[in-house]
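Asker: below is the structure, and that's it, no one-letter string:
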């Protein structure tokens with residue numbers, strides 16, 4: 001770990017910046033305020049005292065249900081200063097989702113904006129009984145924006161209430177907080193089932209963010225256009241904390257919209273841009289893309305899904321991102337584990353996830369015996385070190401299932417590593433399809449489908465079969481660029497038949513316009529499986 005950040009809490013990280021570079025830009029928001037580090041620290045302290053004034057105690061969980069508004073960043077540090085634990089809610093959450101999140105986390109408070117994309121957050125909370133006491137732990141509702149509804153504390157009121165709490169009281173509270181205390185709960189995005197609450201510490205988050213930012217060569221001269229969501233570790237940790245471990249500025253985009261992203265980059269002369277591959281593709285395909293001046297860009301992170309080589313080539317050239325990196329990790333690892341260097345060869349950026357980040361142990365083991373595999377062989381990746389989560393909130397059984405007695409976190413990802421220490425993801429252990437007694441890795445079939453000129457992306461999964469146990473199915477998104485011929489399902493099956501062993505050829509291909517994704521950009525294959533079975537039921541498809 002970097003000695004400068006070894007024992008730094010999230011709350012104290014901002015305090016240090018306010019002392020060392022008070023007048024540098026810290027936070028710029030699209031259509032909103034601008035903060036220097038000194039101003040952001042002052043605001044975070046005020047909101048922290050306001051939270052104390054309404055009774056928020058150390059260890060309480062505060063849910064934030066909002067897009068990337070400036071208050072999100074302020075709350076990130078304000079909550080940390082008083083020892084509260086921030087919990088992010090997906091902006092697309094429905095009543096059942098937010099009910100589960102509030103109940104599962106035992107939240108004492110929720111902070112909301114009016115809503116997003118047609119959904120009224122206040123009405124949703126009213127419908128699930130959050131305003132009438134049905135959720136026993138929930139004591140406080142805080143509203144960001146004008147005209148706070150009845151039953152809600154206006155967010156702006158926290159600033160007024162801050163005057164009732166002395167600075168010394170906040171200082172005393174913050175002095176008792178350790179870098180090893182939980183500071184954030186990230187609910188896993190549910191690729192295989194109900195989300196679990198991942199408890200993360202300042203030590204894990206701050207040091208991991210610093211390691212990731214080191215790879216990108218961040219300095220106070222950098223400005224990150226942050227359009228990935230704050231409710232996810234990509235935004236909360238890699239984005240904001242990654243910048244602030246190096247004194248860089250966050251240019252916050254309220255929610256992902258390719259035009260807004262390009263405008264922010266041009267206006268603020270951003271040097272870095274993060275996202276998942278589909279985000280970068282949307283930016284490249286944005287109308288009048290070539291009219292935006294993106295020459296200030298140099299680096300960033302692409303994560304969450306493999307990047308097709310044609311997309312990466314365009315990102316590096318047309319978007320002026322020659323130092324684009326690929327990062328791999330998972331929420332339970334705070335979140336980064338491996339990363340490609342800024343000067344990595346092109347093929348490493350599209351075919352690998354780079355080398356291990358420093359100060360953590362990585363091993364590859366047989367997923368059944370948990371014995372190390374031979375060099376070059378595939379196996380399950382495990383990691384041990386400062387970055388491993390504290391555990392799943394109130395779920396000891398689930399924690400024991402992924403962290404062993406020696407502290408190893410088992411990722412569920414199948415990988416192999418070459419003699420240079422470069423890692424390749426070869427599949428998901430739980431994704432393995434067993435068809436007719438054959439163990440089949442979807443990643444190989446997905447790679448074959450992506451090689452077709454008409455395919456933009458593919459996701460392969462198993463569906464039940466009374467004879468074989470499982471059959472192979474694929475959801476395919478076609479390439480939308482001009483000059484690309486129209487492709488049929490049968491043509492794609494024939495393409496695979498020429499290139500794969502017979503038992504690896506999909507029995508069914510379904511053309512889709514998009515994939516159901518987690519917030520980090522991973523395909524939710526269980527939803528594709530459900531959609532496949534529903535289509536077969538309704539229309540009699542195979």
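Answerer: Structure's in. What do you need? Being a predicted model, the structure only gives us computed values, none of them experimental.
Asker: residues in contact with stretch 169-179?
Answerer: Contacting residues not belonging to stretch 169-179 are listed as 6-9, 11-12, 45, 48-49, 52, 58, 80-83, 201-203, 206 [C-beta atoms under 8 Å, 6 or more residues apart in numbering]. From N, CA and C alone the C-beta is placed, and that goes for glycine too.
Asker: only the buried residues of that stretch, if you could.
Answerer: 170, 173, 174, 177, 179 (16 or more other C-beta atoms under 10 Å).
Asker: possible to save those as a markdown table with distance to residue 212?
Answerer: Below are those laid out as a markdown table (distance: C-beta to C-beta, whole Å):
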| residue | distance to residue 212 |
| --- | --- |
| 170 | 30 |
| 173 | 29 |
| 174 | 26 |
| 177 | 23 |
| 179 | 18 |
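Asker: can you put those residues in CSV and add distance to residue 20 and pLDDT?
Answerer: Formatted as CSV, those follow (distance: C-beta to C-beta, whole Å; pLDDT from 0 to 100):
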residue, distance to residue 20, pLDDT
170, 20, 98
173, 23, 97
174, 18, 97
177, 21, 98
179, 19, 98
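Asker: please narrow the contacts of stretch 169-179 to those residing in helices.
Answerer: Counting by DSSP state H, the contacts of stretch 169-179 place 11, 12, 45, 48, 49, 52, 80, 81, 202, 203, 206 in helices.
Asker: those: which two are farthest apart?
Answerer: Put simply, by C-beta to C-beta the two of the ones in helices among the contacts of stretch 169-179 set farthest apart are 49 and 203, 25.2 Å from each other.
Asker: unless I'm mixing things up, residue 206 is touching residue 14, no?
Answerer: No: using C-beta atoms under 8 Å, residue 206 is not in contact with residue 14; the gap is 11.0 Å.
Asker: mind giving me the PyMOL command for buried ones among the contacts of stretch 169-179?
Answerer: In PyMOL, this line selects whichever of these come out buried by 16+ other C-beta under 10 Å:
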select buried, resi 8+9+11+12+45+48+49+52+80+81+82+83+201+202+203+206
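Asker: okay, now the unreliable bits of the stretch 301-450 of the chain?
Answerer: Where the stretch 301-450 of the chain drops to pLDDT under 70, the residues are 436-439.
Asker: tell me where it has helices.
Answerer: Using DSSP state H, counting those that start in this stretch, the helices found in the stretch 301-450 of the chain span residues 309-317, 346-351, 396-402, 442-450.
Asker: which stretch among those helices comes nearest residue 148?
Answerer: Closest among these, using C-beta to C-beta: helix 396-402, at 37.1 Å.
Asker: who does the closest one touch, helix- and strand-wise?
Answerer: Helix 396-402 makes packing contacts with strand 391-392, strand 409-417 when contacts are defined by 3 or more C-beta pairs under 8 Å, 6 or more residues apart in numbering; DSSP states H and E.
Asker: which among those is found nearest to residue 129?
Answerer: strand 391-392 (25.9 Å).
Asker: how much space between the residue nearest to residue 239 when sequence neighbours are not counted and residue 263?
Answerer: Setting aside the residues directly before and after it, residue 239 is nearest to residue 226 in space (C-beta to C-beta, 6 or more residues apart in numbering), at 4.5 Å. Look at residue 226 and residue 263: by C-beta to C-beta, to the nearest Å, they are 14 Å apart.
Asker: so, low pLDDT: which residues of the stretch 101-250 of the chain?
Answerer: Ranges of the stretch 101-250 of the chain meeting pLDDT under 70: 189-194.
Asker: picking up where we left off before, so which of the helices of the stretch 301-450 of the chain is the most surrounded?
Answerer: Among the helices of the stretch 301-450 of the chain, helix 442-450 has the highest mean neighbour count (mean count of other C-beta atoms under 10 Å), at a mean of 20.
Asker: how far off centre is that one?
Answerer: Relative to the chain's own centre, helix 442-450 is displaced by 24 Å; criterion: C-alpha atoms, centre = their mean, to the nearest Å.
Asker: stretch 127-137 now?
Answerer: 29 Å.
Asker: buried sites along it?
Answerer: Result for stretch 127-137 [16+ other C-beta under 10 Å]: buried residues 128, 130, 131, 135.
Asker: quick check: closest non-adjacent residue to the last one.
Answerer: Closest residue in space to residue 135, ignoring its immediate chain neighbours: residue 102 at 5.2 Å, by C-beta to C-beta, 6+ apart.
Asker: contacts only, for that neighbour.
Answerer: 63, 110, 130, 135, 137, 138.
Asker: now name the helix or strand holding the first one.
Answerer: Mapping residue 63 onto the secondary structure by DSSP states H and E places it in strand 61-65.
Asker: please apply the same query to the third one.
Answerer: In this structure, residue 130 is located outside every helix and strand according to DSSP H and E.
Asker: how about it, phi and psi?
Answerer: Per-residue torsions, residue 130: phi -70, psi -20 (degrees, to the nearest 10).
Asker: just the element for residue 41, please.
Answerer: helix 37-53.
Asker: need the contact list for residue 181.
Answerer: 9, 83, 201, 202.
Asker: at 7 Å instead, please
Answerer: Shown in contact with residue 181 (C-beta atoms under 7 Å, 6 or more residues apart in numbering): 83, 201, 202.
Asker: kindly report the same for residue 40.
Answerer: 14, 26, 27.
Asker: which SSE is the second one in?
Answerer: Assigning secondary structure by DSSP H and E places residue 26 in strand 25-29.
Asker: quick check: angle from that strand to helix 37-53?
Answerer: 70 degrees (axes from the mean of the first three to the mean of the last three C-alpha atoms, to 10 degrees).
Asker: excluding chain neighbours, give the residue nearest to residue 160 in space.
Answerer: Nearest non-adjacent residue to residue 160 (C-beta to C-beta, 6+ apart): residue 50, at 7.7 Å.
Asker: make that residue 46, sorry
Answerer: In space, residue 46 is closest to residue 162, 4.4 Å off (C-beta to C-beta, 6+ apart).
Asker: measure the one you found to residue 137 for me?
Answerer: From residue 162 to residue 137 the distance is 24 Å (C-beta to C-beta).
Asker: do residue 340 as well
Answerer: From residue 340 to residue 137 the distance is 43 Å (C-beta to C-beta).
Asker: follow-up on the earlier one: can I get the helices of the stretch 301-450 of the chain in a markdown table including distance to residue 410?
Answerer: Listed next are the helices of the stretch 301-450 of the chain as a markdown table, based on distance: least, C-beta to C-beta, whole Å:
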| stretch | distance to residue 410 |
| --- | --- |
| helix 309-317 | 29 |
| helix 346-351 | 24 |
| helix 396-402 | 5 |
| helix 442-450 | 18 |
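Asker: all set now, cheers.
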